[in-house]
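In: Take a look and give me a structure for this.
(one chain, ligands or ions: 1)
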Amino acid sequence: MKSIVLSIGGSVILSEGADVSFFRKLASLLKKISKQYKIFIIVGGGNVARKYIKLGRDLRFDEKILDSIGIYITRVNAKILTNIIEESNKDIPCTTSEAIDIDKPIIVMGGTTPGHSTDMVGAEIAEKTGADLFIIATNVDGIYDKDPNKYPDAKQLKEVKIDQLIERYGIKWKSAGKNVVIDGPALEIIKRAELATYVVNGKRLDQLEKALTNQSFDGTKITI
Ligand code: UTP
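Out: Prediction:
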């Protein structure tokens, strides 16, 4: 069976409006898609992770410890998400190999090791499984020419070349809790594995469904 990898930001799971009905609708969308594709979902840490990382940074913890604190939070979020889905694993795998070996229609996990974000975990699984699509579901409508949360005149990009993103963000991991649309190590894999990658607003389930089913959606396509 073909597979799709969905990296879903913690900010989507824990955002305002992410209420019981949002979770139910998301679960039923995933169930529908899982009839056609095996789905790997990697859940991010969102603001909760950033709050703990800030506390640790104020306490002068080193970067590896800060990353591992973030990883714990991503796994808590993964635990929440997986328990609203019937057809998924209930124990959260800690590595991509473990996740790939799980025989379920939907596999949910969080982070793995320090030094990158959950986007990179998603890219790694997409590369290893030869996934048809890698979807990054975030809390804005795709990639913009500048940060839309800071600049109201930021323009959404319908398509962007991977090399432009690498030029803008680099391929190195910067620091724990860094809030960029896609982290550098993930960009490096997207380029290397030539992954078909879409960035979409995960809170807009109609658009997420369109992206998952490869129809035209309001978001950004990354071209290689
Ligand atoms: P996220 O994947 O949520 O990173 O992991 P992010 O980009 O900061 O946030 P959103 O959710 O996409 O908005 C939270 C933090 O956990 C650590 C990193 O420090 C990351 O910033 N982490 C996560 C790892 O070190 N390794 C992983 O595999 C995952």
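
In: Can you pull the residues of this structure lying near the ligand?
Out: 9-11, 44-46, 49, 66-67, 70-71, 74, 111-118, 121, 176-179, 183 (Cβ under 6 Å from any ligand atom). All C-beta atoms are positioned from the backbone trio N, CA, C, and that covers glycine.

In: out of the residues you listed, which are buried?
Out: 9-11, 44-46, 49, 66-67, 70-71, 74, 111-112, 114, 116-118, 121, 176-177, 179, 183 (16 or more other Cβ atoms under 10 Å).

In: So which of those are in helices?
Out: In helices, defined here by DSSP state H, the members of those are 10, 11, 46, 49, 66, 67, 70, 71, 74, 118, 121.

In: low-scoring stretches of this structure, by residue?
Out: The chain contains no residues with pLDDT under 70.

In: Which parts of it are strands?
Out: All strands of the chain, identified by DSSP state E, fall at 3-8, 38-43, 106-109, 133-138, 143-144, 156-157, 159-161, 197-201, 219-223.

In: now those as JSON lines including mean neighbour count and distance to residue 171?
Out: Listed next are the strands of the chain as JSON lines, based on neighbours: other Cβ atoms under 10 Å; distance: least, Cβ to Cβ, whole Å:
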{"stretch": "strand 3-8", "mean neighbour count": "25", "distance to residue 171": "17"}
{"stretch": "strand 38-43", "mean neighbour count": "26", "distance to residue 171": "19"}
{"stretch": "strand 106-109", "mean neighbour count": "28", "distance to residue 171": "23"}
{"stretch": "strand 133-138", "mean neighbour count": "25", "distance to residue 171": "16"}
{"stretch": "strand 143-144", "mean neighbour count": "21", "distance to residue 171": "16"}
{"stretch": "strand 156-157", "mean neighbour count": "16", "distance to residue 171": "19"}
{"stretch": "strand 159-161", "mean neighbour count": "14", "distance to residue 171": "15"}
{"stretch": "strand 197-201", "mean neighbour count": "25", "distance to residue 171": "15"}
{"stretch": "strand 219-223", "mean neighbour count": "21", "distance to residue 171": "14"}
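
In: Let me know which of those strands is the nearest to residue 31.
Out: Proximity to residue 31 (Cβ to Cβ) singles out strand 106-109 among those, at 8.0 Å.

In: Just the CA atoms from that closest one would do, formatted as PDB, please.
Out: Only the C-alpha atoms of strand 106-109 are listed here, as PDB (Å, rounded to 0.1, in the frame of the first residue of the first chain):
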ATOM      1  CA  ILE A 106      -2.100   4.800  10.900                       C
ATOM      2  CA  ILE A 107       1.100   5.200  12.900                       C
ATOM      3  CA  VAL A 108       1.500   8.100  15.300                       C
ATOM      4  CA  MET A 109       4.700   9.200  16.800                       C
END
